[in-house]
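sharing a model that was predicted from the sequence below.
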Amino acid sequence: MTLKDKTETLLEQNPRLRERRYRLYELARYLAEKYHIDRETRIVEEVIKEAADMDRYCRMIQNDREDLQGNDYNTKRATEEKKELELGYEPRYFEDIKQETML
């Protein structure tokens with residue numbers, strides 16, 4: 001079962017996961033159970049939140065400071081398109097819609 005399939009199953013089985021305000025808690029509860037983490041779910045939730053926040057800050061800082069960009073920084077577009085294809089999306093779909101509406 002792919003991660004997408006598992007996520008879809010979790011969304012089908014757990015209505016609270018569908019709500020943004022409960023998402024981190026429910027994901028933390030699932031991951032704590034899956035990986036047998038003997039910690040309070042709130043701690044796992046905070047770890048997930050902090051990791052997501054730090055990831056966003058990394059991207060923001062690297063955007064502003066070229067000296068902190070990795071060797072793969074300029075491959076973002078190709079990497080995004082490859083992942084979109086893997087996930088079943090059409091690459092640059094929303095850009096096409098924006099261009100059509102601006103005409």
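Received the coordinates, thanks. Quick caveat: nothing in here was measured; it's all calculated off a predicted structure.

and the next helix or strand past the one helix or strand residue 54 maps to?
Element membership for residue 54, per DSSP states H and E: helix 41-64. Sequence-wise, the next helix or strand downstream of helix 41-64 (DSSP H and E) is helix 76-86.

what mean pLDDT does the helix holding residue 54 get?
If you average the pLDDT over helix 41-64, you get 88.

pull the residues that contact it.
For helix 41-64, the external contacting residues (CB atoms under 8 Å, 6 or more residues apart in numbering) are 24-25, 27-29, 31-32, 37, 68-70, 73. Placement of C-beta: from N, CA and C, glycine included.

and residue 38, how close does it get to residue 51?
Relative to residue 51, residue 38 is positioned 19 Å away (CB to CB, to the nearest Å).

next, the angle helix 76-86 makes with the helix or strand containing residue 9.
Element membership for residue 9 (DSSP H and E) is helix 3-13. Regarding helix 3-13 and helix 76-86, their directions subtend 60 degrees when assessed with axes from the mean of the first three to the mean of the last three CA atoms, to 10 degrees.
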